[in-house]
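[1] Let's see this in three dimensions:
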Amino acid sequence: MLSMLKIRKLFFIVLCCSLFIAADAQKLYLSEKEDFNIRVDDFAVIGKYQQSMVVYRKRNPNAEILFYTDKMVKEKSLPLDFLPEQYTNIRFVCNQQKLLVFYEIKESKKQHLYASKLLENGSWQSPVLLNTKPIGFLKDYVPYKYSVSENKQRILFYNAYYLSGNNTIQAVIVDDELNILKQINQFYSDKEYFFSDKSAISNKGLPYLLATDRPNNRGHVEELKILSLSDFSKDLLVFPSNLEKHFISDLQLAVDNKNGNIYIASFFSDGKYSNPRGIYFSIFDEEKQATTTSHFVPIALQISKSNADLKDIKMRHLFLKNDGGLELVGEKYYQNIRTISSINPIVGNSFVSVPDNARTVTEYYYDEIYIFSFKNEGSLSWSQTILKEQLSTDDGGLFSSFTPLQHPLGNAFIFNDLSSKNTRLLACYVSSKGEMNMKEIQTNEQIDEWNLLPRSAMQISKSELLIPCMMKNNVCFLKLTF
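    Numbering: from 1, shown residues only. Take a look at the predicted model:
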């Protein structure tokens with residue numbers, strides 16, 4: 001018998017899919033298929049460059065950039081022939097006029113960060129060395145973390161490691177011409193500095209890093225520091241945050257370039273090992289270089305076994321609103337590892353040992369999406385829950401989760417409905433006032449042959465989304481226009 005929660009989920013999806021928003025009719029364009037071996041190959045959506053849709057594809061060992069027209073007809077492929085044989089962690093920054101490539105090389109106990117850009121004549125600039133850090137042991141190898149400014153004209157790369165008993169942070173800031181604007185090589189005697197994966201850089205080129213104390217096994221910390229530069233400082237300045245004896249987890253960071261504010265958000269708990277019971281967010285003033293406001297807002301979920309159970313919710317996105325408020329998006333996610341045993345029957349007249357064929361499987365659960373909208377003074381304006389239920393086994397949840405599309409009338413959340421044999425692509429529209437409508441995106445027989453990867457999609461313009469698709473040994477890309 002279905003549980004009451006599952007019945008509500010099914011009723012929610014059937015009801016919402018019957019709703020239709022005339023202004024949100026979609027157009028879909030599917031590219032031609034390309035060879036792809038999931039075990040050794042790689043791909044990524046890059047963005048939109050001079051009106052072309054561009055993606056990265058690596059067919060071991062060859063890497064290239066594919067260019068598509070507005071209707072996803074392939075124009076050309078451009079080899080990344082400057083890449084060395086052994087490179088890692090390739091990343092791309094793309095706007096209408098610039099296409100930049102960043103990658104790493106490990107050699108002679110050093111980790112190098114290189115970059116190149118596409119020139120006007122269609123060739124690649126000779127690679128530029130941006131930064132180098134030492135690697136003492138294999139465990140010291142950590143990929144560079146990076147952030148891109150809203151206008152995509154400033155890029156921050158940074159890495160933290162221990163050297164001679166000191167906690168070291170190395171960072172480099174470049175512009176979209178690959179000019180190095182700032183190099184940082186800074187030491188901290190405090191070994192308890194743990195740098196978050198979340199960072200940001202403003203349009204002016206000011207970086208923002210988050211450092212905490214050592215997280216416990218639940219990811220909770222009790223100290224938070226903001227690290228940034230002033231317009232004239234040589235080194236990163238440290239600004240401690242007052243957490244009022246709370247513990248926080250799942251940090252998010254965003255820059256409000258218009259008003260010169262930095263938003264920091266997370267879940268908060270009352271104890272080091274207790275479940276989160278609400279959302280913390282603060283605003284750091286870029287000009288005053290100080291936290292001007294902070295809030296701890298208790299949250300009760302609309303659908304949960306416990307009204308305050310935020311344990312399995314993971315922060316996914318932080319969106320800034322025009323009125324100075326913010327929207328936080330979370331998703332219920334967890335894994336379950338179990339052993340499946342099957343006993344082979346043996347026919348005989350005597351008792352014999354029976355072989356037990358057991359295997360371990362990992363189940364990936366991606367369920368409800370939670371949206372919390374806050375006013376600029378800190379109060380909760382509204383919240384919504386998008387019901388979905390995605391379960392897969394031993395695939396890393398490749399086709400699960402969702403992608404957001406920031407829409408002028410609100411946000412759309414696109415995900416696969418995996419509740420039946422035939423997968424559907426759903427879009428849930430949530431207006432700036434919290435009004436919610438869901439519809440099934442109408443596909444065709446050709447598109448239905450593919451498995452879509454919404455979590456790997458990218459919004460490439462105000463009204464366009466590029467979604468990778470996989471089928472057996474092929475990959476292609478679907479452009480969804482709103």
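
[2] residue contacts, Tyr429?
    Tyr429 sits next to Ile21, Asp24, His407, Leu409, Gly410, Asn411, Ala412, Met436, Asn437, Met438, Lys439 when contact means Cβ atoms under 8 Å, 6 or more residues apart in numbering. To be clear about C-beta, it is placed using only N, CA and C from the backbone, and glycine gets the same treatment.

[3] So which of those is surrounded by the most neighbours?
    Within the contacts of Tyr429, most neighbours by other Cβ atoms under 10 Å means Ala412, with 26 neighbours.

[4] And the average pLDDT for the helix or strand harbouring that residue is what?
    Assigned by DSSP states H and E, Ala412 belongs to strand 410-417. Regarding strand 410-417, the rounded mean pLDDT is 94.

[5] And stretch 41-57, by the same measure?
    The pLDDT scores in stretch 41-57 average 95.

[6] Determine how far it lies from the middle of the whole chain.
    The chain centroid and the centroid of stretch 41-57 are separated by 17 Å under Cα atoms, centre = their mean, to the nearest Å.

[7] Next: stretch 465-482.
    Distance, centroid of stretch 465-482 to centroid of chain: 18 Å (Cα atoms, centre = their mean).

[8] Can you tell me what sits against the strand holding Ala412?
    For strand 410-417, the external contacting residues (Cβ under 8 Å, 6+ apart) are 13, 24, 319, 327, 329, 369, 371, 386, 388, 390, 399-405, 423-432, 435, 440-441, 452, 454, 457, 465, 467, 480, 482.

[9] Strand partners (parallel or antiparallel) of that strand?
    strand 402-407 (antiparallel), strand 424-431 (antiparallel) (DSSP bridges).

[10] which residues sit in contact with Leu66?
    By Cβ under 8 Å, 6+ apart, the contact list for Leu66 reads Glu34, Val54, Val55, Tyr56, Arg57, Lys74, Lys76, Ser77.

[11] could you dump the strands paired with strand 410-417 to TSV with mean pLDDT?
    What follows is the strands paired with strand 410-417, written out as TSV (pLDDT from 0 to 100):
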stretch	mean pLDDT
strand 402-407	92
strand 424-431	94
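
[12] Arrange these in a markdown table, one row each, with distance to Arg359 as further columns.
    Listed next are the strands paired with strand 410-417 as a markdown table, based on distance: least, Cβ to Cβ, whole Å:
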| stretch | distance to Arg359 |
| --- | --- |
| strand 402-407 | 30 |
| strand 424-431 | 31 |
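
[13] Specify the stretch among the ones you listed that is closest to Ile201.
    strand 402-407 (19.3 Å; Cβ to Cβ).

[14] what residues does the closest one touch?
    Looking at strand 402-407 with Cβ under 8 Å, 6+ apart, the contacting residues turn out to be 316-317, 319, 329, 331, 366, 369, 388, 411-415, 429, 454-459, 462-463, 465, 467, 482.

[15] repeat that with 6 Å
    With contact meaning Cβ atoms under 6 Å, 6 or more residues apart in numbering, strand 402-407 is reached by His317, Asn411, Ala412, Phe413, Ile414, Phe415, Pro454, Ala457, Gln459, Leu465.

[16] Just put the residues you listed in a markdown table and tack on distance to Asp175.
    Formatted as a markdown table, those follow (distance: Cβ to Cβ, whole Å):
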| residue | distance to Asp175 |
| --- | --- |
| His317 | 26 |
| Asn411 | 30 |
| Ala412 | 32 |
| Phe413 | 33 |
| Ile414 | 33 |
| Phe415 | 36 |
| Pro454 | 32 |
| Ala457 | 28 |
| Gln459 | 23 |
| Leu465 | 28 |
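
[17] give the contact list for Asp323.
    Asn376.

[18] Against Lys258, how distant is it?
    12 Å (Cβ to Cβ, to the nearest Å).

[19] Any of the contacts of strand 402-407 buried? List them.
    Among those, those classed as buried by 16 or more other Cβ atoms under 10 Å are His317, Asn411, Ala412, Phe413, Ile414, Phe415, Pro454, Ala457, Gln459, Leu465.
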